[in-house]
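> Below is the structure, and that's it, no one-letter string:
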């Protein structure tokens, strides 16, 4: 059975769909334009009409027409499919009839959203009836009614059953409430999850309420914060508090401030800085960073001004580095615990602007904090500092940036770069992380530097190198040599490309397609002969020699095969 995604990809022209949203110009056999996901002056966005794929090299977003519409319009898969079908006048009714399970799950999500919307109305009414809760917000937290209304900050009454009865009157049952994390079951009884708490609704990016975070009104109650459990419409690792309010401003300012708590988000709103988000009762995840990267790579981290906040910053940095995001870090004065405290100060806005203007690359800022913590005259303390900084550098996937941070560390500690680099190599060996990192690079990296097998194979996949060869006398001996190398090598990607393309996995094809788009972009300014030479010099020959060395060491290789390979090599 044909899948709906395959039907869409096979029946639309990706160039037509994208050109409705991006100004494209022909670039050889492809099309190029400015990235729709990043602010840039030089085009790094490529579209291949032959392969029906795109790649945005500035943000890393790539794949097919559905992926593009999802990322560009910020909508989910089915909404993207429907939008494309509507624009291209495709009939997808038969596919939708067979989507019962998907519809059932979608219906469940919609039901949960309706319940949360009704719950929010219930909390609004209860705040109006409770002077203690209103006074807490206005006087203790110093919030004005505009902020309270904007963020939907209301009150869950001091009752286990009122919300349950309210939603049951709207035709929801107890099981619905439990599944949506609005109620809990104890033996045979059901009671409301939130009680006598100030409530903060959590919105998805389409402004649907999907959960709540609630803070105690009575300091004797525990825990201090209580968050909705995950359910059909709420995955904590994929939702950022405040993004629904901030996303348009983040695009305008091309920056975002990541804070720890809901009250920090609200504090920044009070300081008239609408470019903030926070996680929802969980640590920062890779999914959070991927979501942030859709909007901007200019990220500032501002966590609490204590030891826990500094440790959380380091954890967040390591995750950001893996996504090629290199944040700056905002540091508050020593006597101010968090941005919420700053917002309550008379000169809070000026203080914060000053802190923002002094923000540094987070790697440098973390070094400065460790340098204050450790006694730099002590060799043991100095080694502790090195270990902490090396662990950050090791989180960076980009080799060039790793080298940059090693140089930064060298300058900071007044040691030659060679010494720092040697220490880093020892740290990798002693800490036992190098093999993990190396394997992770091989699995995740899309650059030819990190995965030579894909890079080498992509040059010959679909005969791409042949397009650049004008002198056929040069081409055929070289091709024969590569084919012989592939034939005598172990079962690998290059061998499949030459002998059995049908055995390629879908992941192999995606990797090869993406690599070819990257290569087209890198060589777009060269003529054919220059492209051929650049391909051979930078990619094919260095990696081919490595494979050849391995083959020639194979004791099972016949003498004739070795002689043929060496003869081919001499001829080229």
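Here it is on my side, so go on. Note that this is a predicted model, so its numbers are computed, not measured.
> in the stretch 51-200 of the chain, what spans have low per-residue confidence?
Along the stretch 51-200 of the chain, the model assigns pLDDT under 70 to residues 98-107.
> Would you mind pulling the contact partners of stretch 412-432?
364, 367, 371, 376, 382, 385-387, 390-391, 393-394, 406-407, 409-410, 434, 437 (C-beta atoms under 8 Å, 6 or more residues apart in numbering). Just so you know, the C-beta spots here come from the backbone N, C-alpha and C atoms, and that holds for glycine as well.
> go again using 10 Å as the cut-off
Stretch 412-432 is contacted from outside by 363-364, 367-368, 371, 376, 382-383, 385-387, 389-391, 393-394, 402-403, 405-411, 433-435, 437-438, using C-beta atoms under 10 Å, 6 or more residues apart in numbering.
> my read: residue 185 touches residue 177, true?
Yes: contact criterion C-beta atoms under 10 Å: residue 185 and residue 177 qualify, at 9.3 Å.
> joint contacts of the two?
Common contact partners of residue 185 and residue 177 (C-beta under 10 Å, 6+ apart): residue 191.
> Looking at these two, which one has more neighbours?
Using other C-beta atoms under 10 Å as the criterion, residue 185 and residue 177 rank with residue 177 on top: 23 against 12.
> Could you say which helix or strand holds that one?
In the assignment (DSSP states H and E), residue 177 maps to helix 174-179.
> For whatever helix or strand comes next after that helix, which strands pair with it and how are they oriented?
As assigned by DSSP H and E, the chain's next helix or strand after helix 174-179 is strand 183-186. Next to strand 183-186 in the sheet, as set by DSSP bridges, lie strand 189-192 (antiparallel).
> tell me which residues of the partner strand are tucked away?
Of the residues in strand 189-192, 190-192 count as buried by neighbour count, 16 or more other C-beta atoms under 10 Å.
> One more: stretch 257-275?
Residues 257-271, 273-275 are the ones in stretch 257-275 that count as buried (16+ other C-beta under 10 Å).
> returning to that earlier point: so what's the gap between the helix holding residue 177 and the chain middle?
Relative to its chain's centre, helix 174-179 lies at 33 Å (C-alpha atoms, centre = their mean, to the nearest Å).
> what's the answer for stretch 331-338, then?
Relative to the mean C-alpha coordinate of its chain, stretch 331-338 is positioned 29 Å out (C-alpha atoms, centre = their mean).
> Now, the buried residues of stretch 257-275 that are in helices?
Judged by DSSP state H, helices contain the following of these: 262-270.
> Pick the one among those residues closest to residue 336.
residue 267 (11.2 Å; C-beta to C-beta).
> Would you check that residue 494 makes contact with residue 456?
Yes: if you go by C-beta under 10 Å, residue 494 and residue 456 touch, sitting 6.0 Å apart.
> Can you name the residues that contact residue 331?
Counting by C-beta under 10 Å, 6+ apart, residue 331 makes contact with 301-302, 305, 310, 313, 355, 358-360, 362, 365, 368-369.
> same question, residue 44
Counting by C-beta under 10 Å, 6+ apart, residue 44 touches 32-35, 38, 55-59, 521.
> try residue 128
By C-beta under 10 Å, 6+ apart, the contact set of residue 128 is 134, 154-155.
> Take the residues you listed and write them to a markdown table, including distance to residue 80, secondary structure and neighbour count.
Converted to a markdown table, those look like this (distance: C-beta to C-beta, whole Å; DSSP: H, G, I helix; E, B strand; the rest coil; neighbours: other C-beta atoms under 10 Å):
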| residue | distance to residue 80 | secondary structure | neighbour count |
| --- | --- | --- | --- |
| 134 | 43 | helix | 16 |
| 154 | 34 | strand | 28 |
| 155 | 38 | strand | 26 |
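> Validate this expectation: residue 226 resides in a helix.
No: under the criterion used here (DSSP: H, G, I helix; E, B strand; the rest coil), residue 226 is strand, not part of a helix.
> Could you number the chain from 14 rather than 1 from now on?
Yes, from this point I'll number from 14; that puts the last item at residue 239.
> tell me which element the residue lying closest to it once chain neighbours are set aside is part of?
Of all residues not flanking residue 239 in the chain, residue 227 sits nearest, at 4.7 Å (C-beta to C-beta, 6 or more residues apart in numbering). Assigned by DSSP H and E, residue 227 belongs to strand 222-229.
> Next: residue 349.
Under DSSP H and E, no helix or strand contains residue 349.
> tell me the pLDDT at it?
Listed pLDDT for residue 349 reads 89.
> Greatest separation within the contacts of residue 344: which pair is it?
With C-beta to C-beta as the measure, no two of the contacts of residue 344 lie farther apart than 323 and 371, at 16.9 Å.
> In terms of packing, which of those two has more residues around it?
Neighbour count, other C-beta under 10 Å: between residue 323 and residue 371, residue 323 has more, with 18 against 10.
> How about the contacts made by that one?
For residue 323, the contact set (C-beta under 10 Å, 6+ apart) comprises 316-317, 342, 344, 378-379, 382-383, 386.
> could you redo the last one with a cut-off of 6 Å?
Residues near residue 323 by C-beta atoms under 6 Å, 6 or more residues apart in numbering: none.
> So which helix or strand of the chain has the lowest pLDDT on average?
The helix or strand of the chain with the poorest confidence is helix 447-457; it has a mean of 40 (mean pLDDT, DSSP states H and E).
> show me where pLDDT drops low in the stretch 414-563 of the chain?
In the stretch 414-563 of the chain (pLDDT under 70), the answer is 443-465, 476-492, 501-504, 535-545, 547-563.
> who's in contact with residue 362?
residue 284.
> For it, give its distance to residue 350.
18 Å (C-beta to C-beta, to the nearest Å).
> What's the local residue count around the nearest residue to residue 221 once chain neighbours are set aside?
Counting by C-beta to C-beta, 6+ apart, residue 221 lies nearest to residue 126, which is 4.7 Å off, once chain neighbours are set aside. Per other C-beta under 10 Å, the neighbour tally for residue 126 reads 19.
> does residue 126 sit in a helix, a strand or a coil?
Look at residue 126: counting by three-state DSSP, its state is helix.
> wait, it sits on residue 224?
No: the pair residue 126 / residue 224 is not scored as a contact, 10.3 Å apart, by C-beta atoms under 6 Å.
> Quick check: pLDDT value at residue 383.
Predicted confidence (pLDDT) for residue 383: 91.
> Same check on the one 4 residues further on?
In the predicted model, residue 387 carries a pLDDT score of 88.
> burial measure for it, as a count.
Counted with other C-beta under 10 Å, the neighbours of residue 387 add up to 17.
> Pull up the gap between the nearest residue to it once chain neighbours are set aside and residue 222, please.
Closest residue to residue 387 apart from its sequence neighbours, by C-beta to C-beta, 6+ apart: residue 394 at 3.8 Å. According to C-beta to C-beta, residue 394 stands 49 Å off from residue 222.
> Pick out whichever of the two has more residues nearby.
Ranked by neighbour count (other C-beta under 10 Å), residue 394 and residue 222 place residue 222 first, with 22 against 15.
> Report the contact partners of the more buried one.
Going by C-beta under 6 Å, 6+ apart, residue 222 touches 129-130, 133, 214, 216.
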